[in-house]
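In: need coordinates for the below:
(one chain, ligands or ions: 1)
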Amino acid sequence: MRERLLEMLTEREGEYISGEEASRRLGISRTAVWKHIRRLTEEGYAIEASRNRGYRLAGMPDRLTATGLLSRLKTKSLGRSLHLYDEIGSTQDAAKRLAEEGAPEGTLVIAEQQTNGRGRMGRSWLSPKGKGLWMSLVLRPNVPVLCTPQLTLLTAAALCRSLRRQTGLEIGIKWPNDLLIDGRKISGILLESSAEEERLLHVVAGIGISVNLEPEDYPPELRTKAVSLRMAAGRPFDRTETAALFLESLEELYDIYRKDGFGPIRLLWEAWSVSLGKPAVLKTPQGIVEGVPLGLADNGALRVRTADGLVREVFSAEFE
Ligand code: BTN
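Out: Numbering: from 1, shown residues only. Model (predicted):
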């Protein structure tokens with residue numbers, strides 16, 4: 001109910017909605033409307049009340065709220081089951097636990113701050129309070145384990161698309177799933193899966209987006225390697241909007257993937273890739289591969305032309 005009330009207030013774009021209209025459209029008493037308004041103000045929404053004109057939304061809280069996110073979200077399943085924390089060790093660990101307990105597809109764990117954020121290759125992930133989006137999503141795709149790399153690339157393509165749309169920034173994808181602006185990382189994706197024999201049981205997609213971090217939020221060793229959307233664009237972004245646009249974009253591409261396979265996703269990923277066509281040195285678990293990345297194979301591997309003229313498929317590697 002509170003989500004629908006917030007949606008109505010937001011639709012008015014700062015104009016008043018009368019208590020009478022809100023109560024009629026929501027099918028609840030005017031006293032109940034007033035109680036929901038009071039709860040919204042407790043959550044940090046600035047709502048002005050006028051005896052004659054009703055209620056008007058004068059300001060949104062700078063923190064994430066379940067009401068704000070759910071009222072803004074237009075997805076069918078992604079993010080519909082929402083677990084929002086002020087502080088957590090890692091959303092990834094919480095989402096993995098929920099997935100093992102049978103949480104439905106689309107379950108989202110999101111936190112204002114992570115005290116033990118995890119990155120790829122055992123690295124830690126900087127997740128300061130109120131500055132970014134630190135979230136993990138449970139997916140249950142009905143695909144063989146071999147297709148897991150495709151899901152990583154799909155998540156990167158969906159995020160690249162939504163962030164480019166929201167910010168207008170030139171954001172590129174570094175294989176497999178780092179998003180960069182001018183060579184500096186703005187976001188990371190950590191996909192962890194659980195499988196039984198050949199069958200994928202669930203996937204937990206962890207997404208970290210450095211939305212509104214400022215230079216002083218980064219330790220010195222990251223200052224040349226990482227950047228936030230705010231620093232790149234010179235203005236802050238509404239994190240609720242960033243989260244909602246990403247989940248909508250992911251749901252759209254995920255539907256296409258399940259219907260038409262990886263082909264369309266591969267084209268999107270390749271269009272935004274900054275890793276193709278330039279000589280590269282790749283550190284794979286099997287050793288160094290030197291060559292020119294050409295594009296993606298259907299299984300999600302990176303196709304690399306090596307000096308001997310052969311095209312090799314690389315599944316897991318770090319660019320040197
Ligand atoms: C990377 O190394 O690039 C991947 C970073 C993934 C970070 C996200 S933030 C939300 C989720 N929870 C974590 O502990 N890690 C992922």
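
In: can you give me the buried ones in stretch 174-190?
Out: Residues of stretch 174-190 classed as buried by neighbour count (16 or more other CB atoms under 10 Å): 175-181, 184-190. Glycine gets a C-beta too; all of them are placed from N, C-alpha and C.

In: kindly report the same for stretch 220-236.
Out: Buried residues in stretch 220-236, defined by neighbour count with 16+ other CB under 10 Å: A226, V227, S228, L229, R230, M231, A232.

In: so for it, first residue to last residue, what's the gap.
Out: 22 Å (CA to CA, to the nearest Å).

In: residue of the chain nearest the ligand, please.
Out: The chain approaches the ligand most closely through G188 (2.2 Å), counting by CB to the nearest ligand atom.

In: sec struct for that residue, please.
Out: Secondary structure for G188, judged by DSSP: H, G, I helix; E, B strand; the rest coil, is strand.

In: any idea what it is bridged to?
Out: G208 (DSSP bridges).

In: who are the contact partners of it?
Out: G119, R120, W125, N177, D178, L179, I207, G208 (CB atoms under 8 Å, 6 or more residues apart in numbering).

In: and what of D178?
Out: D178 is in contact with A156, K185, S187, G188, I189, counting by CB under 8 Å, 6+ apart.

In: now do T41
Out: T41 neighbours (CB under 8 Å, 6+ apart): I47.

In: downstream neighbour of whichever helix or strand it is part of in the secondary structure list?
Out: Under the criterion of DSSP states H and E, T41 resides in helix 30-42. Sequence-wise, the next helix or strand downstream of helix 30-42 (DSSP H and E) is strand 46-50.

In: what strands line up against that next one, and which way round?
Out: strand 54-59 (antiparallel).

In: quick one on the thing from earlier: the buried residues of stretch 174-190: which two are farthest apart?
Out: Spatial extent of these (CB to CB) is set by the pair I181 and L190 at 19.8 Å.
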